[in-house]
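Undergrad: no sequence for this one, just the structure:
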């Protein structure tokens with residue numbers, strides 16, 4: 001048993017995908033096994049579950065965004081750790097003078113950790129953006145840029161140019177930190193690039209293979225660095241991908257039925273969340289539908305159940321059974337059929353689209369927009385064609401298990417990621 005632990009989250013590392021690409025369960029001396037995912041199978045939800053060892057119904061991160069009810073405003077990819085409720089699995093060890101760190105996990109800024117890296121760009125008043133990374137200690141990012149020889153580029157982390165360069169930089173930064181005096185006893189890191197390839201090209205084909213080969217190399221780098229720095233390692237995937245065949249547009253249906261309201265500004269259509277009786281906040285294969293009036297809930301749910309491509313529309317007890325009954329959730333939660341996913345647009349005509357539709361605007365769009373991974377028709381714009389997306393996730397169940405492996409002795413194989421997080425929590429509390 002070593003004294004320190006590196007936890008590596010690999011975006012999109014499904015078990016079936018891993019075995020097919022790897023040719024078996026063994027890689028770099030690690031034995032990968034299958035675990036059930038967290039529902040909904042989304043980045044922020046899984047990360048919140050793992051750091052708290054609690055389900056979404058308790059920690060409250062039910063999607064990659066949030067709906068600010070007081071402001072009547074959906075917002076995605078906010079970085080405040082205050083969005084995650086509950087104790088952290090490192091709280092008890094840190095009380096015993098052990099240290100913790102988080103690298104590029106969502107909603108990590110403000111966490112009570114000793115080492116921290118998180119993208120934190122500065123949006124300039126006149127347009128444009130200054131790439132920057134929030135770090136703790138404050139000079140850590142500067143030291144890493146000097147050691148690695150380049151700055152972290154946000155364009156490699158999201159948008160049409162997102163790709164393996166993001167994972168390479170994060171992996172090298174992780175290896176550097178494990179060799180520093182500030183190296184924490186528990187260190188979380190994140191490798192994102194596989195997710196981009198699988199969304200753009202689907203979980204099969206040469207592009208998926210190339211992304212996996214790149215991942216294998218980065219895992220080898222981290223394993224080597226971990227061994228040299230006397231770290232055990234735990235690697236896990238957050239969700240499994242499936243081929244995306246068609247986007248669904250719940251807001252178009254809600255608009256036609258008079259629930260979703262818009263306002264026209266210079267011939268463009270913008271949502272009116274103040275007076276909309278219901279609207280959907282889309283996130284891959286899940287959509288949270290916020291209904292203003294209780295008397296409308298059943299009517300909204302029934303209308304959406306009849307929508308082609310919708311597998312389930314959860315309300316009340318259904319949401320409790322699914323583990324997402326929380327004030328942050330919509331009154332109705334939609335689950336897509338296999339191969340389908342939810343897109344946020346409410347407009348039908350291209351000229352009606354709001355200005356931000358053709359831009360990378362991860363915070364203001366009322367839903368996750370994977371079309372931002374593709375270039376648009378004009379320079380500096382992204383695509384608005386949702387049919388380009390070839391891979392999606394969000395559902396759990398048969399065929400959607402994730403891969404995980406560890407050098408730790410955690411006892412019996414856990415049933416799922418929540419169980420794995422609880423095993424790690426117990427392990428941390430048992431280490432003197």
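TA: Looks like it came in fine. All values reported here derive from a predicted model rather than from experimental measurement.
Undergrad: looks to me like residue 223 is in a helix.
TA: Yes. The assignment for residue 223 is a helix, going by DSSP: H, G, I helix; E, B strand; the rest coil.
Undergrad: got the contact list for it?
TA: Residue 223 sits next to 28-30, 233 when contact means C-beta atoms under 8 Å, 6 or more residues apart in numbering. (Each C-beta comes from the backbone N, C-alpha and C, glycine too.)
Undergrad: could I get those residues as a markdown table with distance to residue 425?
TA: As requested, the contacts of residue 223 are exported to a markdown table (distance: C-beta to C-beta, whole Å):
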| residue | distance to residue 425 |
| --- | --- |
| 28 | 26 |
| 29 | 25 |
| 30 | 21 |
| 233 | 17 |
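Undergrad: taking the residues you listed one by one, which sit in strands?
TA: 30, 233 (DSSP state E).
Undergrad: and the contacts of residue 223, which are buried?
TA: Of the members of the contacts of residue 223, the ones counted as buried by neighbours, 16 or more other C-beta atoms under 10 Å, are 30, 233.
Undergrad: which one of the contacts of residue 223 is nearest to residue 91?
TA: If you rank the contacts of residue 223 by distance to residue 91 using C-beta to C-beta, residue 233 comes first, at 22.0 Å.
Undergrad: can you pull the contacts of the closest one?
TA: Residues counted as contacts of residue 233 (C-beta under 8 Å, 6+ apart) are 5-8, 30, 222-223, 226, 406-407.
Undergrad: which among those residues end up buried?
TA: Neighbour counting by 16+ other C-beta under 10 Å classes 5-8, 30, 222-223, 226, 406-407 among the contacts of residue 233 as buried.
Undergrad: could those go into JSON lines alongside distance to residue 163?
TA: Converted to JSON lines, those look like this (distance: C-beta to C-beta, whole Å):
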{"residue": "5", "distance to residue 163": "29"}
{"residue": "6", "distance to residue 163": "23"}
{"residue": "7", "distance to residue 163": "23"}
{"residue": "8", "distance to residue 163": "19"}
{"residue": "30", "distance to residue 163": "25"}
{"residue": "222", "distance to residue 163": "18"}
{"residue": "223", "distance to residue 163": "22"}
{"residue": "226", "distance to residue 163": "24"}
{"residue": "406", "distance to residue 163": "28"}
{"residue": "407", "distance to residue 163": "29"}
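Undergrad: which of these fall within helices?
TA: Secondary structure assignment by DSSP state H places 222-223, 226 of these in helices.
Undergrad: for the residue nearest to residue 357 when sequence neighbours are not counted, what are its contacts?
TA: Closest residue to residue 357 apart from its sequence neighbours, by C-beta to C-beta, 6 or more residues apart in numbering: residue 384 at 5.2 Å. By C-beta under 8 Å, 6+ apart, the residues touching residue 384 are 345, 350, 353, 357-358, 371, 376.
Undergrad: quick one, which of the residues you listed are buried?
TA: Neighbour-count burial (16+ other C-beta under 10 Å) is assigned, among those, to 345, 353, 357-358, 371, 376.
Undergrad: where exactly do the helices run in the stretch 101-250 of the chain?
TA: Read by DSSP state H, counting those that start in this stretch, the stretch 101-250 of the chain holds these helices, from start to end of the chain: 140-148, 164-178, 193-201, 206-228, 250-256.
Undergrad: kindly reformat those helices as JSON lines containing mean pLDDT and distance to residue 17.
TA: Putting the helices of the stretch 101-250 of the chain into JSON lines (pLDDT from 0 to 100; distance: least, C-beta to C-beta, whole Å) gives the following:
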{"stretch": "helix 140-148", "mean pLDDT": "98", "distance to residue 17": "29"}
{"stretch": "helix 164-178", "mean pLDDT": "98", "distance to residue 17": "16"}
{"stretch": "helix 193-201", "mean pLDDT": "98", "distance to residue 17": "8"}
{"stretch": "helix 206-228", "mean pLDDT": "98", "distance to residue 17": "8"}
{"stretch": "helix 250-256", "mean pLDDT": "98", "distance to residue 17": "28"}
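Undergrad: tell me which of the ones you listed sits most buried.
TA: For the helices of the stretch 101-250 of the chain, average neighbour numbers computed from mean count of other C-beta atoms under 10 Å are highest in helix 193-201, which has a mean of 25.
Undergrad: going by contacts, tell me the helices and strands next to that one.
TA: Applying 3 or more C-beta pairs under 8 Å, 6 or more residues apart in numbering; DSSP states H and E, one finds that helix 193-201 contacts helix 164-178, helix 206-228, strand 391-392.
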